[in-house]
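Peer 1: I would like to see how this sequence folds:
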Amino acid sequence: MSAYLPSLLALVAVLSFVSLLFMGRGYMAWVSGGSFGLLSWYISGIQSPNTFLITVVILAVATALFGCPSIRRPLISRPLMSKISKLLPAMGETEKIAMEAGTVWWEGELFSGDPDWSKLLNFKAQRLTPEEQAFLDGPVEDLCTMLDDWQIANDRDLSPEVWTFIKSQGFLGIIIPKEYGGLGFSALMHSEVVARIASRSVTAAVTVMVPNSLGPGELLMHYGTQEQKDHYLPQLATGVEVPCFALTEPSAGSDAANGQSKGIICKDMWNGEEILGIRITFDKRYITLAPIATVIGLAFRLYDPDNLIGDTEDIGITCALLPRETPGMIIGQRHDPMGVPFQNGPIHGENVFVPMDYVIGGQDQVGNGWRMLMETLAAGRGISLPSLSVGAAQLACRATSAYGQVREQFGLPIAKFEGVAAPMASIAGHAYFMDAVRTLGASAVDQGERPSVASAIAKAYLTEGMRLCLNDAMDIHAGAAIIRGPKNIFSRPYISIPIGITVEGANILTRSLIVFGQGAMRCHPFAHAEITALANGDTKAFDRALFGHINHVFRNGMRSFITGLTGGLFLDAPLGTERDGRYYRRLARLSAVFAFVADIGMMTLGGALKRKEHLSGRYADAFAWLFLSSCTLKRFYDEGSPNAHRPLLNWVMTKALYEIETALVGVLANLPNRFIANLAELIAFPLGTKHAPLTDRHINEVADTLIDPILDVREVLSNTVFIPRSDEPGLGELEFTLAEIAAAHPARTKLDQARRDGKLQKDTTVNMAKAAHEAGILDQEEVKRVLDAETARNAVIQVDSFDAETFKTLK
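Peer 2: All right, here's what the predicted structure looks like:
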C-alpha cells in the first residue's frame, strides 16, 4: 500500500488543484489551488530540489498569469479581444434587439449547469382572483354556450349575437387596465379564457386572443402617448374599435425584420394645412381581424432622406396606428386559413400619407418599432398560442378518455387495448406537462418577467404537442373523427393545426434558430457579457466574462464527468421532494451536460454555429425538454405530490430524460471537430447513455389512471375544457353516455360473470340483460340501467349524414 501512496497523493494533488481552480472564484482560488497542489506534491515524495523548484516556478507563473486580473488583461485578454472581434460575424441592430429582448428567468438556471431548484419551487404561482374566477364562470361559460363551431364553420363567421356579446362583455379588453375601461385581468386569466374558448371553437378563441396579444392595445399600453392611450384604449376595451396588427409580408414571414414596407418622412397637406407626416407604401398579408378591423397597427421601415427630424436617414422599423378610413389604404378582403373562418386578410397601401402623431408613442418613438415588437412578443408569444394548444390538448384528453370507455369492439372497451392505451397515455402525458408550462409561464409574466426564450419554447413545443394530441385523438376516434358534422368535435381543431404551428414564428425556424440561438446569448451566464464587452471594447469586462466562462466550462465538464460516473447520486434534491429526488438529480446532471456540450459547440464552431441548424435544433430539443420537465416537477410539487398523478409525472420525466440525452448525443455525434467531440462525449457520458424510452409499464399506468372512475385524473387533465349540455351532439352526449355506462357498470359486471359461468348465452348486451332478468340475475332497476346505457352508447357512436341538397351547402 505504501508504494502506491506517493502516486495516490499526487493524484489527489492534481484533482484538488483542478477542483479549487475551476470550482472556486477568482485569484484566491488560484493561490489556494496552487498552494494545496504544491503541498500535496511535496508530501507525495517527489522531493527532488530541481523538480520541486521547476514546479514552484510553473505554478507561480500560472497563478500570476491566470489568477491575477491586472497581469492577465494586457497579456491574454486584450490580444484575445482583438482576434475574436475579427472572427465574430457582425450583428445587425435588429438582430441585437431580438437577442436582448425580454428577460432571463428560470431558463437561465438551466443553462448554468447547476440549477437552483429552490428558486423554482419557491416561486409563487399566480392564482385567479375572485373577480377573474367569476368572469370565467359567468361570461366565459355563457360565451361557450352560445358557440356552435359547426354552425360557425358553415356561416363562415361568428354570429352577430356572439360578436355583440364578445364586445359588450369586454373580451377584446382583457388585458387593458380598468382605468381605460378594460377588464385589467392577469396574464393567467387571459390564458384561462383562451384555453376555455379553444376547447369549444378555434375561430372564437383566435378572435379573442389576438387583440389581447401582440397588437395595438399592448403596444399602446407600454409605448403610446397619453393622448393615444386616452383616445384608443377605452374604445378598444369595449369593442367600439376592433384592432389588428400588420407585420407579415410576402417577402418577410419569419424574417419579419426585413420587410419591404417603407415610410418616407415628408410634408403634405392634411385637413387643409401642411403638416409633417409619413408617406407609407406597404403590402401585408395573413393579418388576423384585418377584414373587420377599424384601427390598424402597421410596421414599416422609416426613412428621412431630407433630414426633416434629424441627421439620420435610415431611422429604422417604426409602428403606427392607422384608422380604417385612412385614404389610400386597401382593406377588407379575406384569406381562407384552412377553412377555419376567423377573420384574416391582406392590407395594402401605396403612398399613404399619415400625420406624424399616428406613430405609436409619437415622434419620440420613431425607429423603436422593432424593440417594441420584440419586447411585446417576448411575453405574448408565451400566452396566446400555448393556451390555445392546451385547450385543444385537454379537449382531446377529455373526449378520448370518454370515447375509449364508451366505444366497444370485440366485447371490450377500446381503452383496454394496448394499441389504444399508448396514444391515450401520450395525450394524457402531453396535457399534463403542457398545462404546467402554460400556467407557470403566465405566472412569470404576471410577476414582471418577459421570458423571451421560455416563451419561444412554449410556443413551439406546445403547438407541436397539440398536433400530437389531436393526431392521436383522430386515430382513436377513427371513423367518427373523419366524418364531418355537428357530432365531430375534432374536425376544425385538426385542420387548424398548421395555423398554430406556423404563426408567431414558424416552429421549424423557432426550433432551429431561435430557441438555442437566442438562448445561448441570453441565458448563458457569460456569452452575452462577452459579446457586449467586445462590442464596447471593454477589456476589463471582457476579461471578467472570459475567465468566468473558462471556469464555467471546466466546472460543468467536471460536474458532467463525476455525475456520469456516479449517476448523480450525490447531487442534492430539494427538501420535500425526497421521493422524486431522482428526477431533480438527473435533470441537474443533464443540465450540466447540456451547458458543457453547448460551450463545446460554441467554442469549436463560433459564429458558424447559427448556420448549423441541425445542431441548433438538437440543442433546442435538449434545452426545451429541460424546461418542460422542470415545469412539470414544479406543478407536481405545488399540487402536493398526489400519488394519483405520479404515473403522469413518471411518464413525462422518463420521456424528457430520454429526449434530452438523445438530443445531446446527437449533437456530439455531429460536431465537425471529431477529436473534441469524442473527448467531450467521454467527459459527458463516461459510462455511456443511461436513459431509456418509455416502457409498457409507464404507458399502461397512465392509461389505467386516466379511465379510473375513482381518481380525479381525468378532471385534472381537462380543467380548462367547456362541458356542454348533455343533449348536445359531440362532447355533451359523450359525457352523458359515459355517466350512463358508469351507472350500469355493476349490472354489466353481473352480466359478464353470468355469461362466463354459463348461466347466460352470449348475445347482444340488451338481449342478455332481458334474459338475466328472467333468470333472476338482474332486478328491474339494473336492467333499466343497462338498457339506458346501451341506448346512449348506440346514439353517441353514430355519425352525421346529410341529404344531397344540404350536402351541397356545407362549407
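
Peer 1: quick one, strands of this structure?
Peer 2: 243-246, 262-270, 273-288, 295-303, 314-323, 329-331, 344-355, 408-409, 412-413 (DSSP state E).

Peer 1: I'd like those strands as JSON lines, with distance to G391 and mean pLDDT appended.
Peer 2: For every residue, glycine as well, the C-beta is placed using N, CA and C. JSON lines is the format used below for these (distance: least, C-beta to C-beta, whole Å; pLDDT from 0 to 100):
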{"stretch": "strand 243-246", "distance to G391": "22", "mean pLDDT": "96"}
{"stretch": "strand 262-270", "distance to G391": "38", "mean pLDDT": "95"}
{"stretch": "strand 273-288", "distance to G391": "17", "mean pLDDT": "96"}
{"stretch": "strand 295-303", "distance to G391": "26", "mean pLDDT": "96"}
{"stretch": "strand 314-323", "distance to G391": "30", "mean pLDDT": "96"}
{"stretch": "strand 329-331", "distance to G391": "30", "mean pLDDT": "96"}
{"stretch": "strand 344-355", "distance to G391": "19", "mean pLDDT": "97"}
{"stretch": "strand 408-409", "distance to G391": "29", "mean pLDDT": "93"}
{"stretch": "strand 412-413", "distance to G391": "26", "mean pLDDT": "92"}
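
Peer 1: for Q151, find the nearest of the ones you listed.
Peer 2: Closest to Q151 of the strands of the chain is strand 344-355 (C-beta to C-beta; 19.3 Å).

Peer 1: CA atoms only: put the closest one into CSV for me.
Peer 2: Extracted C-alpha coordinates of strand 344-355, given in CSV (Å, rounded to 0.1, in the frame of the first residue of the first chain):
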residue,chain,number,x,y,z
ASN,A,344,-58.0,37.2,-41.7
GLY,A,345,-56.8,39.0,-44.8
PRO,A,346,-54.4,41.3,-46.6
ILE,A,347,-53.8,45.1,-46.3
HIS,A,348,-52.2,47.2,-49.0
GLY,A,349,-51.3,50.8,-49.4
GLU,A,350,-49.3,52.9,-51.8
ASN,A,351,-48.0,56.4,-50.8
VAL,A,352,-50.5,56.6,-48.0
PHE,A,353,-49.9,59.9,-46.1
VAL,A,354,-50.4,60.0,-42.3
PRO,A,355,-49.6,62.6,-39.7
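
Peer 1: elements contacting that strand?
Peer 2: Counting contacts by 3 or more C-beta pairs under 8 Å, 6 or more residues apart in numbering; DSSP states H and E, the secondary-structure elements packed against strand 344-355 are strand 262-270, strand 273-288, strand 314-323, strand 329-331.

Peer 1: most tightly packed of the ones you listed?
Peer 2: strand 314-323 (a mean of 21; mean count of other C-beta atoms under 10 Å).

Peer 1: got the contact list for that one?
Peer 2: 93-94, 216, 219-220, 223, 228, 232, 257, 259, 263, 265, 278, 280, 294-304, 329, 352, 354, 358-360, 365-370, 372-373 (C-beta atoms under 8 Å, 6 or more residues apart in numbering).

Peer 1: which residues of the stretch 501-650 of the chain score low on pLDDT?
Peer 2: Counting by pLDDT under 70, the stretch 501-650 of the chain contains no low-confidence segment.

Peer 1: where's E192 relative to D435, distance?
Peer 2: Per C-beta to C-beta, to the nearest Å, E192 is found 11 Å from D435.

Peer 1: which neighbours do those two share?
Peer 2: T720.

Peer 1: shaky segments in the stretch 1-150 of the chain?
Peer 2: Ranges of the stretch 1-150 of the chain meeting pLDDT under 70: 1-67, 86-95.

Peer 1: mind doing that once more with 90?
Peer 2: Along the stretch 1-150 of the chain, segments meeting pLDDT under 90 span 1-102, 126.

Peer 1: could you do the stretch 351-500 of the chain as well?
Peer 2: 373-382, 411.
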